[in-house]
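Chemist: Return a 3D structure for these sequence lines:
(one chain, ligands or ions: 1)
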Amino acid sequence: MNETLDKITNAIIELEVDDIKAMVKAALDAKIPASDILKAATKGMDAVGKKYEQKEYYLTELVLAGETMKEAFDVLAPALKASGTAKSKGTIIMATVKGDQHDIGKNILKSLLMAKGFDIIDLGMDVDASKVVDKVKETGAKVVALSSLLTMTVEQIKTVNDALVAAKLRSKVKLIVGGAPLNMALAKKLGADTYADDATSGVKEIERLFSN
Ligand code: B12
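Modeler: Have a look, this model is predicted:
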């Protein structure tokens, strides 16, 4: 295993919010691919999640881990984008569902999609279904990508789906969802067209939706 990448994983786990930017920058300067650095940081977030489950970490640590990941991502995002293409492949509306304030996964997917040349309209987190519907109406976007990290907010996917149906827009858009509490069966039950369990397969799935 690459020592620099291990250090980045550990910096996320140890919540080294002040040092992470310099570490990521050093890794990029050493020509380590941005996608590998992203994987190392994500591995750290998974370990933080486990520590939280085991009550070794509490909410304060979760907040700090989120901030550390965001710092890392600030440095990584331009490098991820630069590794992609510039031609627009289509427009995607992205949001984290109402009641949910997790946006790191969504932001990673967003950067990878931008790197592939998609235009992204990011509505942010804790987003009301009506806002998604308004944006679809306004932009004619062909894909809506929703993130939900909490078991208690996955139902919001159904709320968005129902709102799109009520606005007679559902047949005009494809709905893709992701986030830890989801799987393909649940996603479909909630009205989504498809699901992906990480950002890389999310990009592939979205490319497939656009090619259909
Ligand atoms: C960081 C974090 C936070 C931060 C979020 C900061 C931020 N701006 O995002 C803060 C501190 C705010 C937070 C708060 C809470 N959190 Co929290 N949090 C996490 C943690 C540690 C990491 C999440 C993360 O960023 N992971 C890294 C990213 C890269 O992974 P990801 O989000 O899963 O995204 C990937 C895939 O899922 C996928 N994906 C994600 N979205 C989408 C969308 C599409 C369309 C596609 C295709 C793919 C896709 O691609 C991504 C990249 O590969 C997780 C534990 C974990 N390991 O997941 C808990 C976790 C999600 N949190 C949890 C909980 C309980 C909470 C709180 C309720 C705690 C509390 N008591 O207050 C609050 C809820 C606040 C709210 N209303 O949302 C639980 C959820 C349990 C559940 N199933 O409901 C978890 C699982 C921790 C645990 N093990 O208990 N949290």
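Chemist: Spell out which parts of this structure neighbour the ligand.
Modeler: Applying Cβ under 6 Å from any ligand atom, we find that the chain lies next to the ligand at 42, 45-46, 48-49, 52-53, 59, 62-63, 65-66, 99-106, 108-109, 145-147, 149-151, 176-181, 196, 198-199, 202. Where C-beta positions appear, they are placed from N, C-alpha and C, glycine not excepted.
Chemist: Show me which of those are buried.
Modeler: 42, 45, 48, 62, 65-66, 100, 102-106, 108-109, 145-147, 149-150, 176-179, 196, 199, 202 (16 or more other Cβ atoms under 10 Å).
Chemist: Restricted to strands, list those residues.
Modeler: Among these, DSSP state E puts 145, 146, 147, 176, 177, 178 in strands.
Chemist: and which of the residues you listed is nearest the ligand?
Modeler: Set against the ligand, the nearest of those by Cβ to the nearest ligand atom is residue 178 (2.1 Å).
Chemist: all helices in the protein, in order from the N-terminus.
Modeler: Using DSSP state H, the helices of the chain run over residues 3-13, 20-29, 34-53, 59-82, 104-115, 129-139, 155-166, 184-189, 199-211.
Chemist: which one of these is the most hemmed in?
Modeler: Greatest average neighbour count among these goes to helix 104-115 (a mean of 22), per mean count of other Cβ atoms under 10 Å.
Chemist: Which secondary structure elements does it sit against?
Modeler: Contact partners of helix 104-115 among helices and strands, from 3 or more Cβ pairs under 8 Å, 6 or more residues apart in numbering; DSSP states H and E: helix 34-53, helix 59-82, strand 91-96, strand 119-122, strand 143-147, helix 199-211.
Chemist: Check what pLDDT residue 83 gets.
Modeler: Residue 83 is assigned a pLDDT of 68 by the prediction.
Chemist: Pick the one among the ones in strands among the buried ones among the residues of the chain next to the ligand closest to residue 73.
Modeler: Nearest to residue 73 among these is residue 147, at 14.8 Å by Cβ to Cβ.
Chemist: ok, residue 4 touching residue 25?
Modeler: No. Contact between residue 4 and residue 25 fails when scored by Cβ atoms under 8 Å: they sit 11.3 Å apart.
Chemist: ok so, going back, could the ones in strands among the buried ones among the residues of the chain next to the ligand go into JSON lines alongside distance to residue 160 and pLDDT?
Modeler: Listed next are those as JSON lines, based on distance: Cβ to Cβ, whole Å; pLDDT from 0 to 100:
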{"residue": "145", "distance to residue 160": "11", "pLDDT": "98"}
{"residue": "146", "distance to residue 160": "6", "pLDDT": "98"}
{"residue": "147", "distance to residue 160": "12", "pLDDT": "98"}
{"residue": "176", "distance to residue 160": "12", "pLDDT": "98"}
{"residue": "177", "distance to residue 160": "9", "pLDDT": "98"}
{"residue": "178", "distance to residue 160": "14", "pLDDT": "98"}
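Chemist: ok, now how distant is residue 106 from residue 92?
Modeler: 11 Å (Cβ to Cβ, to the nearest Å).
Chemist: which neighbours do these two share?
Modeler: residue 145 (Cβ atoms under 8 Å, 6 or more residues apart in numbering).
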